[in-house]
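>>> Based on what follows, work out the 3D shape:
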Amino acid sequence: MSDEKPDSSVPNNGANSDGEKTTPANIKAEPRVVSEPVVQAKPKAKHKEKSSSGGFVKFLLFICLLIALAAAGLSAWLYRELVFLPAQVAIVEQNQDAAREQQYQQLSEGLLNQGVKLDGVQQIISSQRESVAQLRQNMDESLAALIRQQQDMEASLAQLSSVDRNDWMLAEVEFLLRLATQRAQLNRDARAAAKLLSSADQILLELDDPALHSVRAALADEIAALQAVAQFDVEGVYLKLQSLSDSAEALRLYRAPEFIAEESAVNDTDADWKANLQAGVSKAWQKLNSYIRIRHHDEDFKPNLAPEQEWALRASLRMMLEQAQLALLSERQAVFAQSLTKASETVERFYLLDERRNAVLAELTELSALNVERRLPDVGGALTTFKAYQSSRRWQREAGQ
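A predicted model of the protein is given here:
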């Protein structure tokens, strides 16, 4: 126990309580400490203590080295931060300012372009708004016109609903009277006008209104006058003239006989000479009969005409009859009679040897005695009387309402 006490005091003399390292100065300051007994007593333990203190010193040195390196690195980093970093920051800030300026310019240009586009879009929108406004105005006007048209149609429908069957029949009578007046005055067709007036009178008879007596009386007078004129058959006379023109074209003019020498065949045989003799006598008699014509000696005989003169004569006769047809349609009595008289004279003068000329002359004489002037009566009296009746009836209806 007494031997271990000096051992424990040895390390305490080598190091202070604060863990400071043993220096030569400290050793010199303490000469009283004797380490031989410790070495002699336990040499292995002393060697272990020295090696452990050396490792601790190395560890401390390593720690100090790390601290020094860390301090150097920190100093370098602080130097970099204090010296190089502001310049880099300035460069970065310049780059950022340039980038921001470029972005600002691009943004300004984009905004300018967008503004131009926006102006164009606004112009398009304004024009479309004007078009829509014009279209809306047109639609409003069309709608107003349709509304007015609908109102007019409703008013007309209301009026039509108030019209009875008699009104329709009276309207038909007025139409027939107007049409009859047109046929009589413009077309000069008395027969058609009389039929139209008769139809109107039949409708008035169905109405059975005493107030229509004056209208029916006027209609009766006009129908009788038109029927008297309509008895003249214009179409029949026109067709007769056409038939006479065809018949006159077929009449045969006089032609002088032509003598043709014929060779007589004489048979040598005695058996046929009687037959040949009879045949020759028969032919001679027939030819002799063809040369004999009976005519009155108090009439002038016209010589044979040349082919050109014959064609001109036939054309002249045809034109006379066509002129008579035109005079018939235009109701020109003098021209009609004169044309037929000339045609009769031509037939009587140049067609003496044709048996059909007497029938043609008889028809021409009969037609020339006709009066082709048709004086149509005035058929406006019945229409005027009917209009007066319509006005009176309308006034009575309005007064009754």
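>>> give me the number of residues near residue 248?
Applying other CB atoms under 10 Å, we find 21 residues neighbouring residue 248. C-beta here means a position set from N, CA and C on the backbone, and glycine is covered the same way.
>>> Show me the contact partners of the strand or helix carrying it.
Take DSSP states H and E as the rule and residue 248 turns out to sit in helix 234-249. If you take CB atoms under 8 Å, 6 or more residues apart in numbering as the criterion, helix 234-249 is touched by 314, 317-318, 321-322, 324-325, 328-329, 343, 347, 356, 359-360, 363-364, 367, 370, 372.
>>> quick one: the residue nearest the centre of the chain and residue 135, what's the gap?
Note on the chain: the residue nearest the mean C-alpha position is residue 142, at 20.8 Å, using CA atoms, centre = their mean. Residue 142 sits 10 Å away from residue 135, going by CB to CB, to the nearest Å.
>>> Residue 131 versus the residue nearest to the centre of the chain, what's the distance?
Noted for residue 142: a distance of 16 Å to residue 131, by CB to CB.
>>> Show me the shaky parts of the stretch 151-300 of the chain.
Applying pLDDT under 70 to the stretch 151-300 of the chain flags the ranges 158-164, 230-231, 253-274, 281, 285-300.
>>> which residues of it fall in helices?
Taking DSSP state H, counting those that start in this stretch to define them, one finds helices in the stretch 151-300 of the chain at 165-182, 190-207, 213-230, 234-249, 273-291.
>>> helix, strand or coil for the residue nearest to the centre of the chain?
Secondary structure, DSSP: H, G, I helix; E, B strand; the rest coil: residue 142 is helix.
>>> Residue 313: how many residues sit nearby?
Residues near residue 313, counting by other CB under 10 Å, number 17.
>>> same thing with residue 224?
Residues near residue 224, counting by other CB under 10 Å, number 11.
>>> and if you look at residue 382?
Quick note: residue 382 (other CB under 10 Å) scores 27 neighbours.
>>> was I right about it contacting residue 222?
Yes - using CB atoms under 8 Å, residue 382 is in contact with residue 222, at 5.5 Å.
>>> shared neighbours of the two, anything?
Joint contacts of residue 382 and residue 222 (CB under 8 Å, 6+ apart) are residue 197.
>>> tell me the angle the helix holding residue 248 makes with helix 190-207.
For helix 234-249 against helix 190-207, the angle by axes from the mean of the first three to the mean of the last three CA atoms, to 10 degrees is 160 degrees.
>>> which residues of the stretch 1-150 of the chain score low on pLDDT?
1-52, 85.
>>> what's the distance between residue 252 and residue 90?
143 Å.
>>> Check residue 154 too.
Residue 154 is 90 Å from residue 90, by CB to CB.
>>> same deal with residue 99?
Distance from residue 99 to residue 90, by CB to CB: 15 Å.
>>> likewise residue 171?
Counting by CB to CB - residue 171 and residue 90 are separated by 108 Å.
>>> just residue 59 next, same as before
46 Å.
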